[in-house]
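**Student:** Need coordinates for the following:
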Amino acid sequence: MNNSNVLPKEITEKITETVKTTFTPTGNFEADKNRALEYAKNVGMDAANTNMAVIAATEGWDAAAKAMVDSCGGDYAAMRAQFG
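**Tutor:** Residues are numbered from 1 along each chain as shown. This is a model prediction of the structure:
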C-alpha cells in the first residue's frame, strides 16, 4: 500500500479540480474575482493571499507570481515567507 497520500483518491481529485477551476481565468472578471474571494474565505486565507488569489483567478498564475515577488521588493525569500 502506498501511504504517500493521506486523502482518498476521490477527495484528492475533487480538491485538484476545485483549485484548477478556481484559479483559471475565464475572461469574466467579476465571476473570476468572486470565485477566488469565496475560495479564500472558505479556506481562511489572509488578506495578502486573498489578493494574490484574485490576481491568479482573474489574470493567471504568471501575473500572481509577478505580483507576489513585486510586493516583496523582488526578494524571493521574503515572498516565500509572506505567501508560502
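
**Student:** which stretches of this protein form helices?
**Tutor:** Using DSSP state H, the helices of the chain run over 9-22, 29-43, 47-59, 61-71, 76-83.

**Student:** what's near enough to touch the most centrally placed residue in the chain?
**Tutor:** For the chain, A53 is the residue whose C-alpha lies nearest the centre (CA atoms, centre = their mean; 4.5 Å). With contact taken as CB atoms under 8 Å, 6 or more residues apart in numbering, A53 is in contact with 22-23, 36-37, 39-40, 45, 64. All C-beta spots, glycine's among them, are computed from the backbone N, C-alpha and C.

**Student:** Quick check: A65 vs Y39, distance?
**Tutor:** Distance, A65 to Y39, by CB to CB, to the nearest Å: 18 Å.

**Student:** okay, these two: which has more neighbours?
**Tutor:** Neighbour totals were compared for A65 and Y39, and Y39 leads with 19 against 15 (other CB atoms under 10 Å).

**Student:** All set now, cheers.
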